[in-house]
Structure formats: structure tokens, C-alpha cells
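[1] Below: sequence and its predicted model.
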Amino acid sequence: MQLDKGDIERSLKKKGFLTHDTHHKYLIYISADGSRTRVRTKLSHGALPKSISDELINTMAKQCRLTKNEFIDLVKCPLDQEKYEAILRDQNIL
């Protein structure tokens, strides 16, 4: 499976992630109450490749404290911010 890099960024921003650009593009999760969390993932600045490989999806999922399938659901929208925060609370991250 592959996911479009632009789709990942747009979806994560809708779910509470903010971008922080350095030599990489970091997406940092800000909880619904406005608190900055330690949850972050990164995307490459480069235009190519436009798709994220299965291996990188696994890495991003781990960085977001999710399984691969949960991360795909977060990107494709069945997993909303409220449910994502419930997962993070179960892991004592929030």
C-alpha cells in the first residue's frame, strides 16, 4: 500500500497536527484542548516521490503511536481526532 504525501499532510492537519519546517517537515500533534504533545512524525520536503511507501507508512504510524491500519484510517478519515485522542489516552500519552 502507498499513500499520497499531500493527502497525509492535509489529513493530519485536519486532525490537530501542525507543521514545523526545518530541514524536514515535522507534523506535531496539538491536542483538542490546545496542549502540545510529544507525538510527532515527519515528511520529506522533496517533491518526489509523491507517494509514501509501505515501510514509511509503518514508521509514521509508530511515530504517531498507532498501528499501520489505525494510521491509514487516520489519513483516510474513519479515525477522527476524538478517537485518536482516546487511543493516545489509553497509552497514557495524553
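    Arrived safely.
[2] Walk me through which strands the one helix or strand in the chain whose mean pLDDT sits lowest pairs with, and which way each runs.
    Between all helices and strands in the chain, the lowest mean by mean pLDDT, DSSP states H and E belongs to strand 51-52, at a mean of 84. The strands beside strand 51-52 in its sheet (DSSP bridges) come out as strand 3-4 (antiparallel).
[3] can you count the residues close to I87?
    Applying other C-beta atoms under 10 Å, we find 17 residues neighbouring I87. For every residue, glycine as well, the C-beta is placed using N, CA and C.
[4] what about the helices in this structure?
    Along the chain, counting by DSSP state H, helices occupy 5-14, 54-63, 68-76, 81-90.
[5] pull the CA atoms of the shortest one into PDB?
    Included here for helix 68-76 are C-alpha records, laid out as PDB according to Å, rounded to 0.1, in the frame of the first residue of the first chain:
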ATOM      1  CA  LYS A  68      -0.400   0.800  10.500                       C
ATOM      2  CA  ASN A  69      -4.100   0.200   9.900                       C
ATOM      3  CA  GLU A  70      -5.000   2.800  12.500                       C
ATOM      4  CA  PHE A  71      -2.700   5.300  10.800                       C
ATOM      5  CA  ILE A  72      -4.300   4.600   7.400                       C
ATOM      6  CA  ASP A  73      -7.700   5.200   9.000                       C
ATOM      7  CA  LEU A  74      -6.400   8.500  10.400                       C
ATOM      8  CA  VAL A  75      -5.300   9.600   7.000                       C
ATOM      9  CA  LYS A  76      -8.400   8.300   5.100                       C
END
